[in-house]
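[1] From the sequence below, what's the structure:
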Amino acid sequence: MINYLTFLPEIILVCTAILILVVELFQAPSSKRSSIRWIAFLGTLAALLCLSCLSGSCPLGCNLTDGTAQQAFNGFIKTDGLALYFKMIILLATLFTLLMTYRHFETHKTPYPAEFLAILLFSAAGASALTSAQEIITLYIALETLTISSYLLASFMKKDKGSNEAGMKYLLLGAFSSALLLFGFSYIYGLTGTTVITEIAKSLAMQPSSPLAVFALILVVGGLAFKISLAPFHMWTPDVYEGAPTPVTAFLSVASKTAGFAAFVRLFWVGLNVPSLQPIWMGLFAVLSAMSIILGNLEAIPQKNIKRLMGYSSIAQAGYIATGFLAIGPMGLTALLFYIFVYLFANLGVFLTIVIVANKTGSEQIEDYAGMWKRSPLIGIVLLVCLLSLAGVPPFAGFSGKWYLFGAAISKGYTWLALIGMTFSVVSLFYYLQVAKQALVVAPKDPSPIEMSLLERSVLILCVVVTVTLGVWPRPIMDLAQAAASSLF
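    So this is what the prediction gives:
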C-alpha cells in the first residue's frame, strides 16, 4: 500500500494547480481572476500547514504522524526532518511569489493568469518533491519538473523581448546542464549497478578511485551547479533575472536554489561521501565557492538595473552557502539551513519592493529609487534592512548566518575560504549601499507616494521583523535547523 503522507504536500500543490485550470475553464471571465488567486494562495497555505502535521507538531492538533520519517515506493521517497525543512522554505517562497504575482500583473497584463499560477505550483511541487528523493531517477524527474516549469515561467510574457530572451537562454543552457547531469548519473549507475543513493555510497566505498568515477562526479557537479548559479556555471543568471517577470526571478532566487542545495546534500553527503571521492569533490566545491563569491560581488558593482544586481548577488550568496556545504556534519548543515531561512526573508523582501516600485514607476533602474524613503518610509526601511542583511552587517540576520557558515568552514580547515567570504562581504556593501543611498539620501524625482495593500505592508514588516529578530536572537530557527540536520546524521 502506498503511503500518500510521504508526498502529501506535492499532491496538494498539483491538485490546486489542476483546480485552477478547471475553474478558469468554466468560470465567467469577470470573476475568475480573483477566485483563482485565492485558490492558489489557499492551496499553497494548505500544503505549508500540512508540513506541521507531518512533523507531529501541528498547532491545530491534527497531527498526521508521530514525527517519524515517512517513506514510499520502497524508500525511493522519504520525507524526514531535513526534507520538511527544505519544503518549508520552498512553500514560503511560493507564497511570497504569489503575492508578488498579483501586484505584477496589475501593470503587466496577461490573458493567461491561470496558466501562470498553475505552472508556478507545478514548479513548486517539483522542487518540493526533489527534497524527498532518495534515488537519482526520482531526483532527476523532480528536478526537471522544476526546471522545465521555470523555463515556461521565465518566458511567460510573450510580447516582452526581455522575457523571450530570458526564457530562450535559460532553456538552452538548462537543457545542456540537464544533459550533463543525466550523463553523470548514467556513469554512476554503470559503476554501482543501482540508483538508490545509500546503495551508491556502499558500492563506491568498496571500489578504488577510478577516472570514470571522477568524470561522473565532475558531470554531476556541473549539472547541479547550474541550478544554484555557482560560478562558472552562472552565465545565465543575470540575463534571466533581468528579463524574466519579477515574481519568477524571486522564485528562482530562493526556491530553485533551495532545491538545488537539497540535491547536493543528498547526493554528496550521502551517495558520494566516500574516501576515494570526497577529497576531489570537496576541493572542487571550495574552488567553485571562492569563484562565486569573487565574481558575483565584483560583477554586481557596475550594475544599473536592480534585478540584474540581485542576479549577481544571488551568485555570491550561492558561494557563501557553499562554504557551509563544505563543512560536512551537523554543524555545517545547521549553518546552511539557517542561512537559507535568513536569505528567504531578506531576498524576497527586496524583490517585493522591486515589484511595488516597478508597478508605480515602470522602471527597474537603481537611479529611479531616488527618494523612495520620502515616497514610502516602509520601502526605505525594508531596502536598508534587507540589503544590509544580505551584506552580512550586524545586528541583522545575515550577519548571524554568515557567522555560522564561516565558523563551520573554519572548523573544517577552510580558513582561507572564510577569509575570502568575509572580505567580499565588505565589498558587497558598496553596491548594496548604492541602492540604499538612492532610496534614503537622493532627492526624489517624483514626490508622489507609493501605495501598498495591507497584505503587502504586512509582509514587508514581517521581512524586517524576522531579519532584525534573527540577528539578535537566532536560537529558535537554529534549534529548528539543528533538528532538521539531525535527521541526516
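[2] Now do stretch 194-214: distance from first to last residue.
    Across stretch 194-214, the terminal residues are separated by 17 Å (CA to CA, to the nearest Å).
[3] Not counting it itself, show me its contacts.
    The contact list for stretch 194-214 (CB atoms under 8 Å, 6 or more residues apart in numbering) reads 75-76, 134-137, 139, 185, 187-193, 266-267, 270-277, 280. Backbone N, C-alpha and C define where each C-beta goes, glycine included.
[4] give the contact list for the nearest residue to Gly329 once chain neighbours are set aside.
    With CB to CB, 6 or more residues apart in numbering as the measure, Phe489 is the residue that lies nearest to Gly329, at 7.1 Å, once sequence neighbours are left out. Phe489 makes contact with 329-330, 333 under the criterion CB under 8 Å, 6+ apart.
[5] from the residues you listed, which single one is nearest Ile18?
    For Ile18, the closest of the contacts of Phe489 turns out to be Leu333, at 35.1 Å, with distances computed as CB to CB.
[6] quick one: that closest one and Ser487 touch, right?
    No - proximity of Leu333 to Ser487 does not meet the contact threshold set by CB atoms under 8 Å, at 9.9 Å.
[7] Comparing these two, which residue is more hemmed in?
    Set side by side, Leu333 and Ser487 show unequal neighbour counts under other CB atoms under 10 Å, the larger going to Leu333 at 26 against 17.
[8] Name the helix or strand for the more buried one, please.
    Under the criterion DSSP states H and E, the helix or strand holding Leu333 is helix 330-361.
[9] What are the buried residues along that helix?
    For helix 330-361, burial by neighbour count (16 or more other CB atoms under 10 Å) applies to 331-361.
[10] hmm, which of the contacts of stretch 194-214 are the buried ones?
    Counted by 16+ other CB under 10 Å, the contacts of stretch 194-214 give 76, 134-136, 139, 185, 187-188, 191-192, 266-267, 271-274, 276-277, 280 as buried.
[11] Just those residues: which are in helices?
    Judged by DSSP state H, helices contain the following of those: 136, 139, 185, 187-188, 191-192, 266, 280.
[12] Run through the chain and note the low-pLDDT ranges.
    Under the criterion pLDDT under 70, the flagged ranges of the chain are 1, 28-33, 56-67.
[13] Let me see the ranges of the strands in it.
    70-72, 77-79 (DSSP state E).
[14] out of these, deepest packed?
    Ranked by mean neighbour count under mean count of other CB atoms under 10 Å, the strands of the chain are led by strand 77-79, which reaches a mean of 24.
[15] Packing partners of that strand?
    Helices and strands in packing contact with strand 77-79 are listed as strand 70-72; criterion 3 or more CB pairs under 8 Å, 6 or more residues apart in numbering; DSSP states H and E.
[16] so what strands line up beside the strand it packs on?
    Applying DSSP bridges to the sheet, strand 70-72 is found paired with strand 77-79 (antiparallel).
[17] who touches the residue nearest to Ser313 when sequence neighbours are not counted in this structure?
    Among residues not flanking Ser313 along the chain, Ala300 sits closest, at 5.7 Å (CB to CB, 6+ apart). With contacts defined as CB under 8 Å, 6+ apart, the neighbours of Ala300 are 309, 312-313, 316, 428, 431.
[18] need the contact list for the nearest residue to Ala290 once chain neighbours are set aside.
    Nearest non-adjacent residue to Ala290, counting by CB to CB, 6+ apart: Ile420, 5.3 Å away. Ile420 makes contacts with 290, 293-294, as judged by CB under 8 Å, 6+ apart.
[19] Leu219 too?
    With contact set as CB under 8 Å, 6+ apart, Leu219 has these partners: 180-181, 183-184, 187.
[20] For the closest residue to it other than its chain neighbours, the count of nearby residues, please.
    With sequence-adjacent residues excluded and distances taken as CB to CB, 6+ apart, Leu219 is closest to Gly184, at 3.1 Å. A total of 22 residues lie near Gly184 under the criterion other CB under 10 Å.
[21] how close does Gly184 sit to Leu217?
    From Gly184 over to Leu217 the distance is 7 Å, taken as CB to CB, to the nearest Å.
[22] Check Phe86 too.
    Note on Phe86: its distance to Leu217, by CB to CB, is 23 Å.
[23] More neighbours: which of those two?
    Neighbours per residue, other CB under 10 Å: of Phe86 and Leu217, the larger number sits with Phe86, 26 against 21.
[24] pretty sure that one contacts Thr258?
    Yes - Phe86 lies in contact with Thr258 (CB under 8 Å); the separation is 5.8 Å.
[25] ok, now which ones touch the residue nearest the centre of the chain?
    What sits nearest the mean C-alpha location of the chain, by CA atoms, centre = their mean, is Val254, with 2.1 Å. Taking CB under 8 Å, 6+ apart, we find Val254 in contact with 89-90, 93, 96, 343-344, 347-348.
[26] What of Ile218?
    For Ile218, the set of contacting residues under the criterion of CB under 8 Å, 6+ apart consists of 184, 284.
[27] hmm, 10 Å instead?
    By CB atoms under 10 Å, 6 or more residues apart in numbering, Ile218 lies in contact with 180, 184, 280-281, 284.
[28] same check, this time on Ala250
    Residues in contact with Ala250 (CB under 10 Å, 6+ apart) are 93, 96-97, 99-101, 104, 241, 244, 307, 310, 347-348, 350-352, 354-355.
[29] next one: Leu419
    406, 409-410.
[30] One more: Leu191?
    Contact analysis of Leu191 by CB under 10 Å, 6+ apart lists 200, 203-204, 207, 210, 212-213, 216.
[31] Mark which of these are part of helices, please.
    Using DSSP H, the subset of these located in helices is 200, 203-204, 212-213, 216.
[32] ok, of these, which one's closest to Gly471?
    Minimum distance to Gly471 across the ones in helices among the contacts of Leu191 is 39.8 Å, recorded for Ile200 (CB to CB).
[33] separation between that closest one and Thr194?
    Distance from Ile200 to Thr194, counting by CB to CB: 6 Å.
[34] how near is Ser203 to Val274?
    Shown here: Ser203 relative to Val274, a distance of 9 Å by CB to CB.
[35] swap in Leu172?
    Using CB to CB, which is the criterion applied here, Leu172 is 34 Å from Val274.
[36] and what of Leu383?
    Applying CB to CB to Leu383 and Val274 gives a distance of 46 Å.
[37] and if you look at Leu309?
    For Leu309, the distance to Val274 (CB to CB) stands at 40 Å.
[38] Likewise for Leu388?
    Here the distance between Leu388 and Val274 works out to 41 Å (CB to CB).
[39] Next: Phe26.
    The separation that Phe26 has from Val274, given CB to CB, amounts to 55 Å.
[40] Could you pull up the residues touching Ala481?
    When contacts are taken as CB under 10 Å, 6+ apart, Ala481 is in contact with 81-82, 85, 330, 333-341, 404, 474.
[41] typed the wrong thing, it's Val435
    By CB under 10 Å, 6+ apart, the contact list for Val435 reads 303, 306, 309-310, 350, 353, 366, 369, 372, 383-384, 387.
[42] go on, Leu405?
    Counting by CB under 10 Å, 6+ apart, Leu405 makes contact with 320-327, 332, 335-336, 338-339, 392, 418, 421.
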